[in-house]
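make a model of this:
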Amino acid sequence: MNGLEELLAADYGKEIAEKIAAGYRYERPVTLRINTLKIPLQEGKTALFEAGFSFEEVKWFGSALIVRDRSERDLWRTPLFEEGKIYLQSLSSMLPPLYLDPKERESILDMTAAPGGKTTELLALSQGKALITACERDKNRFQRLMFNLARQGAERVAALCRDALTLDDRLSYDKILLDAPCSGSGTVSFSKPARIDAAYVEKCANLQEKLLSKALKLLKRGGEMVYSTCSVLKRENEEVIKRTLKKGGAHILPVEAFEGVPTLPSAEGTLCIPPTELYEGFFLAKIVKE
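Have a look, this model is predicted:
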């Protein structure tokens, strides 16, 4: 992991880089989201408790729960999981839909949607009434997306097995979620070591810039989008946004971290979350088209 450590040190300095590296060592508890498309929130919590699972609630999102001392496999065996009433999801990945704040009848594009956790969360947050289009270019990942949409009761999402870069520029959306493909530098663990070097990060960043530019073409004037990655490297985050917004026509809409969510130094108005006991490393920024 020397290449990644060098990149982290260049971005944050040695002290913070060492804290990020320490965060990779945590084995996080299972976290999940009650799927309110299938079951009312309190009923879901009661059913989970009656199934023998104790849990902690998360201050910033009522549907998010932390289950300690039990495995994902334990939850996979439950009817709640089989019936799509709960969805296992990291806390960090629940954040982008919350910041996008989907509303009834809004047209929303999820540009790189598989496996579907954020897509179905967007629909649930709008009480099932947002008009969501979900793109996924990889055929295998698209099948996984379709499976999760069906299991979680989100069949009304318009799913496209298509590269979002090929969408017609005449389309327009009220809101867009771009959870961009990235190096995964925020989700590294010592049980799953990753080879991340400058060349790979640059390759990811080039694709991210193309996707962000495309998103801004598809976004309505006055529309809002969230750009997110599971990376903590500035080249994939702040620099992608800076280079793209330099062309004009959009600006960052500042956001603040919810109570209890840890942060790293990042560009003003953006959020970068370090890997910790509860959180994966993550970045997000909200952008409005002028």
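
per-residue pLDDT, Ser92?
Turning to Ser92, the model gives it a pLDDT of 98.

report the beta-bridge partners for the spatially closest residue to it that is not a sequence neighbour.
Spatial nearest neighbour of Ser92, excluding adjacent residues (CB to CB, 6 or more residues apart in numbering): Phe282 at 3.8 Å. C-beta coordinates here come from the backbone N, C-alpha and C atoms, glycine included. Beta-bridge partners for Phe282, by DSSP bridges, are Ile273.

what of the one 4 residues further on?
Assessed by DSSP bridges, Lys286 has beta-bridge partners Val226.

show me what contacts it?
Residues near Lys286 by CB atoms under 8 Å, 6 or more residues apart in numbering: Tyr99, Leu100, Glu224, Met225, Val226, Tyr227, Ile252, Leu253, Pro254, Val255, Gly269.

now do the contacts for the fifth one.
The contact partners of Val226, taken as CB under 8 Å, 6+ apart, are Pro96, Pro97, Tyr99, Leu100, Ile176, Leu177, Leu178, Leu284, Ala285, Lys286, Ile287.

tell me how far the residue nearest to Ser92 lies from Ile39.
According to CB to CB, to the nearest Å, Phe282 and Ile39 sit 27 Å apart.

and the strands in the chain?
30-34, 56-58, 61-67, 86-88, 107-110, 131-135, 158-160, 173-179, 219-229, 250-252, 271-273, 282-289 (DSSP state E).

what packs against the third one?
The contact analysis (3 or more CB pairs under 8 Å, 6 or more residues apart in numbering; DSSP states H and E) places strand 61-67 against strand 30-34, helix 41-50, strand 56-58, helix 91-100.

send the alpha carbons of that strand over as CSV?
The C-alpha coordinates for strand 61-67 follow below in CSV (Å, rounded to 0.1, in the frame of the first residue of the first chain):
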residue,chain,number,x,y,z
PHE,A,61,-31.0,9.3,9.4
GLY,A,62,-33.9,7.5,11.0
SER,A,63,-33.8,4.6,8.6
ALA,A,64,-30.1,3.8,9.3
LEU,A,65,-29.2,1.3,12.0
ILE,A,66,-26.0,-0.2,13.4
VAL,A,67,-26.0,-3.8,14.3
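
picking up where we left off before, more crowded one of Phe282 and Ile39?
Phe282 (28 against 20; other CB atoms under 10 Å).

need the buried ones from the contacts of Lys286 selected in ChimeraX.
Buried members of the contacts of Lys286, defined by 16 or more other CB atoms under 10 Å, are picked up in ChimeraX with:
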select :99,100,224,225,226,227,252,255
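
mind putting the helices and strands packed on strand 61-67 in CSV, distance to Glu238 included?
Listed next are the helices and strands packed on strand 61-67 as CSV, based on distance: least, CB to CB, whole Å:
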stretch, distance to Glu238
strand 30-34, 27
helix 41-50, 35
strand 56-58, 27
helix 91-100, 16
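
average model confidence for stretch 132-141?
Stretch 132-141 comes out with an average pLDDT of 98.

kindly export that stretch (C-alpha atoms) in CSV.
Extracted in CSV, the C-alpha atoms of stretch 132-141 (Å, rounded to 0.1, in the frame of the first residue of the first chain):
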residue,chain,number,x,y,z
ILE,A,132,-36.0,8.2,-11.3
THR,A,133,-33.8,7.0,-14.2
ALA,A,134,-30.9,4.7,-13.3
CYS,A,135,-28.0,4.0,-15.7
GLU,A,136,-25.5,1.2,-15.5
ARG,A,137,-23.3,0.3,-18.4
ASP,A,138,-21.9,-3.0,-17.2
LYS,A,139,-24.3,-5.9,-18.1
ASN,A,140,-23.5,-8.0,-15.0
ARG,A,141,-23.8,-5.1,-12.7
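
hmm, back to that, now render the strands of the chain as CSV, adding distance to Pro262.
CSV is the format used below for the strands of the chain (distance: least, CB to CB, whole Å):
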stretch, distance to Pro262
strand 30-34, 15
strand 56-58, 13
strand 61-67, 15
strand 86-88, 21
strand 107-110, 26
strand 131-135, 30
strand 158-160, 34
strand 173-179, 20
strand 219-229, 16
strand 250-252, 21
strand 271-273, 6
strand 282-289, 10
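
any idea which of the ones you listed gets closest to Ile196?
strand 219-229 (12.8 Å; CB to CB).
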